[in-house]
Structure formats: C-alpha cells, structure tokens
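Asker: build me a structure from this.
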Amino acid sequence: MNISRDVAADLLPAYLSGEASADTRVLVEEFARQDAEFARSLEAQRRELATGGPALHGRVAGLPPDHELRTLARVRGMAERLRWLLALALMFTVFPLSFTFEGPRITFILLGDSPSLAMASWVAAAGFWIGFLSAQRKLRTSGL
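Answerer: Numbers count the residues shown, from 1 in each chain. Purely as a prediction, here's the structure:
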C-alpha cells in the first residue's frame with residue numbers, strides 16, 4: 001500500500017509510543033525503508049525518546065511534574081475570586097435599591113433616608129465591578 005509522507009508522519013506518535021497496531025507498525029517501517037529521509041527522521045526521534053528528550057511521556061521539557069496541578073489550582077483560585085467579586089458587585093449595586101411597601105407606595109430605604117450611604121455603596125460596587133472585569137480579562141488573556 002502506498003501512503004504519503006504526511007500519513008506516515010501522522011502515525012509516528014503511536015508508533016514511537018508503542019501503542020500502534022501490528023499493521024500500523026509494518027506500514028511505518030515499510031515506508032521508512034522506501035524513504036531514506038523519513039528513516040533518518042524516525043531514527044532521530046527514537047534516539048531522542050530513548051535519551052529522555054523533550055517529548056518523553058508527552059511532557060514538555062523544562063516543566064516540573066506538578067505543573068498541571070499548579071495550573072489547575074491557579075485556575076480554581078481565579079474562578080473563586082471571580083465568583084466573590086461578582087457576588088459583591090451585584091450586592092453593592094442592588095443594596096441601595098432596597099425598598100418597602102407603605103400602603104400603595106414604594107419607599108426606597110437607602111435612597112430616601114441616607115443617600116450618602118447609597119452613593120458609598122455604588123462607589124464600592126464600581127470598585128468590585130472593575131475588579132471583576134479586570135480579573136476576567138486577565139484570565140482570558142493569560143491562556144489558562
């Protein structure tokens with residue numbers, strides 16, 4: 001069977017990891033016998049894998065073994081921070097708008113009785129909204 005170089009290159013990871021079927025191994029080895037440049041590339045990758053090169057066990061060279069766990073912990077921490085910032089921003093935004101019913105009328109508690117406290121609440125809400133949006137942007141641009 002004739003296959004292209006691209007197909008043979010696509011089969012290499014499974015072949016080198018030992019997870020390829022017998023037919024796939026035969027196909028890759030047959031292609032390597034026909035194409036000298038592919039055979040050299042295959043042998044170089046085998047040596048690199050045998051010496052613990054950067055592709056060993058799917059890990060990138062230079063990264064510590066617990067890199068994924070630390071990244072997951074960072075993402076969880078960032079999600080927790082976002083959740084708190086959103087909750088506080090919503091609370092301080094809506095709190096000054098709390099009201100009561102006095103007969104047929106609606107009376108806003110903070111806006112009517114202490115507007116300065118309502119304004120302070122909205123200033124705090126603005127700070128939490130800014131914190132939430134900047135944390136969300138940081139999460140989006142950091143690639144996590």
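Asker: domain parsing for this structure?
Answerer: Domain assignment for the chain, taken from automatic domain parsing, gives 5-58, 67-141.
Asker: remind me which residues of this protein are low pLDDT?
Answerer: Within the chain, the stretches with pLDDT under 70 are 1, 52-62, 144.
Asker: what residue of it is the furthest out?
Answerer: The centre of the chain is farthest from one residue, residue 103, which by Cα atoms, centre = their mean lies 53.0 Å away.
Asker: angles on the backbone of that one, please.
Answerer: When read as degrees, to the nearest 10, the backbone of residue 103 gives phi 70, psi -130.
Asker: can you give me the distance of it to residue 90?
Answerer: In this view, residue 103 and residue 90 are 30 Å apart by Cβ to Cβ, to the nearest Å. In this view, the C-beta of every residue, glycine as well, is placed from N, C-alpha and C.
Asker: which residues does stretch 116-135 contact?
Answerer: Stretch 116-135 has contacts (Cβ atoms under 8 Å, 6 or more residues apart in numbering) with 78, 81-82, 85-86, 88-89, 91-93, 95-96, 110-111.
Asker: could you tell me which of those are located in helices?
Answerer: 78, 81-82, 85-86, 88-89, 91-93, 110-111 (DSSP state H).
Asker: ChimeraX command to pick out the buried ones of those residues?
Answerer: Entered in ChimeraX, the line below selects the buried ones among the ones in helices among the contacts of stretch 116-135, by 16 or more other Cβ atoms under 10 Å:
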select :78,81,82,85,86,88,89,92,93,110
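Asker: before I go, just wanted to say thanks for your time.
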